[in-house]
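1. What would the 3D arrangement of this be:
(2 chains)
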Amino acid sequence: SQKIEQNSEALNIQEGKTATLTCNYTNYSPAYLQWYRQDPGRGPVFLLLIRENEKEKRKERLKVTFDTTLKQSLFHITASQPADSATYLCALTTYGQNFVFGPGTRLSVLP
Amino acid sequence: DTEVTQTPKHLVMGMTNKKSLKCEQHMGHRAMYWYKQKAKKPPELMFVYSYEKLSINESVPSRFSPECPNSSLLNLHLHALQPEDSALYLCASRPGRGENTGELFFGEGSRLTVL
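-> Coordinates of the predicted model:
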């Protein structure tokens, strides 16, 4: 059956360190993969998109990698700050309309 | 600020009530989505409209009835709901079918409580 997993439900890291979040999937062939941030009680906000033929994308302190052989994406936040504390969701899309979200990782950046 | 506007922000209804959730966007997007999100769970797809036509219905019970009156507006009509339908209902939009820039723009959601 199709499945999306994110490495842990919750992740605590110290301010200034790099946070690394993992998204693994099985029985999908995604055209692209996206990462969203969600704050409590609010809608998700798009962060980065990476296509199946791309290895890496960067945006400011954010970096995402995509390995279609391992069926895995890694999402990095460098020089993390308490303001980065939120739930991070990965989302797969195969045929352009259906976006399926992973369970999310709740990141806490401790001062 | 989000460019997808959802109203109302909060709604409390009884199991026999009929109510509607409304979603509006003026970005010219031609695909609009309804997601349901329970606490500490990811958003779960309910419906997709593409060019004002229903293109995906994820086997949602008929007590939820979507409507897309025009390309800017999406409604979700609610009738005879159950307490387990209490959740955050999220609307999202994206440019349209065939577009390869896939990001979804979400509204802030409507928090529904069914008593």
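
2. Every contact and neighbour count from this point should use C-alpha atoms.
-> OK.

3. Which neighbours in the sheet does the helix or strand harbouring A:Phe66 have, and how are they oriented?
-> Using DSSP states H and E, A:Phe66 sits in strand A:62-67. Sheet partners assigned to strand A:62-67 using DSSP bridges are listed as strand A:56-59 (antiparallel), strand A:72-77 (antiparallel).

4. Using PDB, write down the CA coordinates of the last one.
-> Going back to what we said before, that points to strand A:72-77. Output of strand A:72-77 as PDB, limited to C-alpha atoms (Å, rounded to 0.1, in the frame of the first residue of the first chain):
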ATOM      1  CA  GLN A  72      13.500   9.900   0.300                       C
ATOM      2  CA  SER A  73      13.600  13.600   0.700                       C
ATOM      3  CA  LEU A  74      15.700  15.400   3.300                       C
ATOM      4  CA  PHE A  75      14.800  19.000   4.500                       C
ATOM      5  CA  HIS A  76      17.400  21.000   6.200                       C
ATOM      6  CA  ILE A  77      17.100  24.300   8.200                       C
END
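
5. Run through who's touching that strand.
-> A:18-25, A:35, A:61-67 (CA atoms under 8 Å, 6 or more residues apart in numbering or on different chains).

6. before we move on, the earlier item: turn the strands paired with strand A:62-67 into CSV, columns for mean pLDDT and mean neighbour count.
-> CSV is the format used below for the strands paired with strand A:62-67 (pLDDT from 0 to 100; neighbours: other CA atoms under 10 Å in any protein chain shown):
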stretch, mean pLDDT, mean neighbour count
strand A:56-59, 95, 14
strand A:72-77, 96, 20
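
7. CSV please, covering those strands and showing distance to B:Leu115.
-> Below are these laid out as CSV (distance: least, CA to CA, whole Å):
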stretch, distance to B:Leu115
strand A:56-59, 44
strand A:72-77, 40
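
8. Please give me every residue in contact with the residue of chain B found nearest chain A.
-> Nearest residue of chain B to chain A (CA to the nearest CA) works out as B:Glu108 at 4.6 Å. Counting by CA under 8 Å, 6+ apart, B:Glu108 makes contact with A:41-43, B:2, B:4-6, B:9, B:90.

9. run the last query once more with 7 Å
-> With contact taken as CA atoms under 7 Å, 6 or more residues apart in numbering or on different chains, B:Glu108 is in contact with A:42-43, B:6, B:90.

10. Same question for A:Ser1.
-> A:Asn27.

11. Which among the contacts of strand A:72-77 count as buried?
-> Among those, those scoring as buried are A:18-25, A:35, A:62-66 (criterion: 16 or more other CA atoms under 10 Å in any protein chain shown).
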